[in-house]
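Engineer: below is the structure, and that's it, no one-letter string:
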Ligand SMILES: Nc1ncnc2c1ncn2[C@@H]1O[C@H](COP(=O)(O)OP(=O)(O)O)[C@@H](O)[C@H]1O
Ligand SMILES: O=P(O)(O)OC[C@H](O)CO
């Protein structure tokens with residue numbers, strides 16, 4: 001029996017998972033690492049802590065499994081996206097801490113460019129909104145603020161990368177400086193329609209082309225994990241950003257197929273085939289993980305506070321002690337008795353895009369209990385996702401694309417059956433949970449396995465996908481519409497505050 005290794009470098013922890021060739025988990029190791037918040041709106045990671053935690057889990061998973069590393073056919077990398085790193089080519093030393101995707105310090109440059117009317121120009125090339133979320137303004141900030149950085153960059157001495165590139169550099173002992181299309185398409189520097197770094201965008205953000213990694217398809221030969229790392233060299237056959245990797249791991253290979261990941265936030269991606277859209281509903285167009293020739297896109301939208309609302313019930317309100325307790329508490333009442341909870345703690349993402357909105361709980365009465373608030377909190381995850389997916393459906397319908405048939409789900413909060421049922425009720429389509437919910441890591445393993453010839457194509461992968469539970473809509477469309485109207489009214493109140 002042979003194995004595939006997935007390295008999953010997330011925002012709060014690094015994980016390594018060993019899969020067998022049927023896509024079953026054989027062993028898993030995880031390590032959290034520190035987050036740094038040097039000032040309001042700033043979020044940083046220490047590059048060495050990212051690498052050392054990933055390395056520790058890689059070694060740990062191999063040790064735990066008792067498998068000889070020469071039986072690992074290939075490794076795949078998947079990662080938190082947009083987070084920006086720069087290092088010295090000669091020494092491999094990081095220039096400064098990584099600027100994390102949540103960091104807002106690039107906002108000043110974004111508004112400058114917005115004032116110059118460049119938003120649409122950028123969106124038609126990248127598919128993205130001009131926002132500090134993406135890598136370009138983070139990289140530009142480093143070049144302007146770390147003493148001597150711009151000069152070194154212009155002399156070709158610095159390398160830029162997202163987290164995948166940083167890991168590739170470390171794993172290959174400085175031999176590989178590369179990224180994949182799904183990660184490149186989150187930088188605001190990559191022209192997703194002609195598949196290359198865009199000279200005009202580089203000019204706009206002041207980025208020297210010599211810093212950039214080579215861009216490869218997501219399933220490709222990236223080089224070897226150096227033999228000193230695991231005792232045997234292992235080919236790296238796949239790289240993808242975590243949300244695109246989850247879309248791949250969910251076997252959403254055809255237009256109209258979609259997944260929603262219910263983690264701290266929620267990330268919904270709808271496969272859009274070869275159709276590039278400039279969204280008018282605040283959605284992003286991004287490249288899917290690429291395993292063959294041709295350009296394929298996904299529509300993407302995110303909910304900032306998803307499962308995190310449950311953490312707030314635990315840490316902020318103290319009405320539960322553990323996340324899992326939310327379900328029995330919420331299920332102890334038959335409905336939220338008119339309570340609506342809009343958890344706009346950090347503003348609202350797609351389709352509302354209001355950075356200044358703040359959370360509200362409406363409809364409180366003397367009869368309201370902690371259970372009603374818990375129920376409203378759980379329902380808010382489904383309401384926000386439904387609004388997002390509705391915007392996606394409208395967008396697809398407007399240009400006769402393939403409509404959403406069902407929603408595949410994963411992420412830590414998808415274990416909540418009541419949440420999944422309510423999601424199906426609101427959407428009016430089945431919500432389907434697979435047996436394997438570690439789809440992010442699985443996607444990276446699939447991409448690597450395809451490259452090494454473990455599978456001949458995506459049909460074989462689609463056959464490995466197994467349904468665990470299907471939640472069919474239980475309410476009429478009129479009732480769902482009326483619920484969404486009430487929700488949207490509550491959202492408007494939030495935006496007015
Ligand atoms: N039973 C549950 N119902 C709703 N949310 C839950 C439940 N169990 C865990 N969560 C939430 O799921 C999130 C964890 O999911 P996970 O996929 O591990 O997140 P991430 O990858 O973003 O760290 C947490 O925000 C937690 O509050
Ligand atoms: O690391 P996660 O799972 O929080 O995902 C982060 C996303 O890739 C950000 O775009």
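Structural biologist: Right, received. Where do you want to start? Note that the structure is predicted; figures quoted are calculated from it, not measured. Ligands and ions are numbered 1, 2, ... in the order given.

Engineer: could you use CA atoms for every contact and neighbour count after this?
Structural biologist: Will do.

Engineer: low-confidence ranges, this protein, go.
Structural biologist: For the chain, applying pLDDT under 70 flags the ranges 1, 496-497.

Engineer: and the residue nearest to the spatial centre of it, how far from residue 160?
Structural biologist: For the chain, the residue nearest the mean C-alpha position is residue 243 (3.6 Å; Cα atoms, centre = their mean). When distances are taken as Cα to Cα, to the nearest Å, residue 243 and residue 160 turn out to be 21 Å apart.

Engineer: need the residues of the stretch 201-350 of the chain near ligand 2, please.
Structural biologist: Selection of the stretch 201-350 of the chain residues close to ligand 2 by Cα under 6 Å from any ligand atom yields 242-243.

Engineer: what are the phi and psi values at the closest residue to residue 321 other than its chain neighbours?
Structural biologist: In space, residue 321 comes closest to residue 314 once its chain neighbours are excluded; the distance is 5.6 Å by Cα to Cα, 6 or more residues apart in numbering. With angles defined as degrees, to the nearest 10, residue 314 shows backbone torsions of phi -80, psi -50.

Engineer: returning to what we had before: part of a helix, is the residue nearest to the centre of the chain?
Structural biologist: Yes. Residue 243 sits within a helix when classified using DSSP: H, G, I helix; E, B strand; the rest coil.

Engineer: please identify the helix or strand for residue 328.
Structural biologist: Here residue 328 is covered by helix 326-331, with elements defined by DSSP states H and E.

Engineer: for that helix, buried residues please.
Structural biologist: If you call a residue buried by 16 or more other Cα atoms under 10 Å, then helix 326-331 has these buried ones: 326-327, 329-330.

Engineer: just the closest of the residues you listed to ligand 2, please.
Structural biologist: Taking Cα to the nearest ligand atom as the measure, residue 326 is the one of the buried residues of helix 326-331 closest to ligand 2, at 21.2 Å.

Engineer: how about that closest one, what does it touch?
Structural biologist: Taking Cα atoms under 8 Å, 6 or more residues apart in numbering as the definition of contact, the neighbours of residue 326 are 310, 320, 374, 378.

Engineer: how close does it get to ligand 1?
Structural biologist: Here the distance between residue 326 and ligand 1 works out to 6 Å (Cα to the nearest ligand atom, to the nearest Å).

Engineer: check residue 134 too.
Structural biologist: The span separating residue 134 from ligand 1 equals 18 Å under the rule Cα to the nearest ligand atom.

Engineer: for ligand 1, what is the nearest residue in the stretch 51-200 of the chain?
Structural biologist: Nearest to ligand 1 in the stretch 51-200 of the chain, going by Cα to the nearest ligand atom, is residue 80, at a distance of 9.6 Å.

Engineer: which residues of the stretch 1-150 of the chain lie near ligand 2?
Structural biologist: Residues of the stretch 1-150 of the chain found near ligand 2 (Cα under 6 Å from any ligand atom) are 10-11, 80-81.

Engineer: quick one: the helices in the stretch 201-350 of the chain, in order.
Structural biologist: If you assign secondary structure with DSSP state H, counting those that start in this stretch, the helices in the stretch 201-350 of the chain sit at 227-230, 242-249, 308-312, 326-331.

Engineer: for the second one, which outside residues touch it?
Structural biologist: The contact list for helix 242-249, computed with Cα under 8 Å, 6+ apart, reads 8, 10, 78-81, 182, 253, 258-259, 261, 267, 269, 287-289, 439-444, 446.

Engineer: wait, what's in contact with residue 260?
Structural biologist: Contact criterion Cα under 8 Å, 6+ apart gives 266-269, 407-410 as the residues in contact with residue 260.

Engineer: neighbour-wise, give me the winner out of those residues.
Structural biologist: Neighbour counts for the contacts of residue 260 peak at residue 269, which has 31 neighbours (criterion: other Cα atoms under 10 Å).

Engineer: grab the nearest non-local neighbour of that one.
Structural biologist: Distances taken as Cα to Cα, 6+ apart place residue 300 nearest to residue 269, at 4.5 Å, with adjacent residues excluded.
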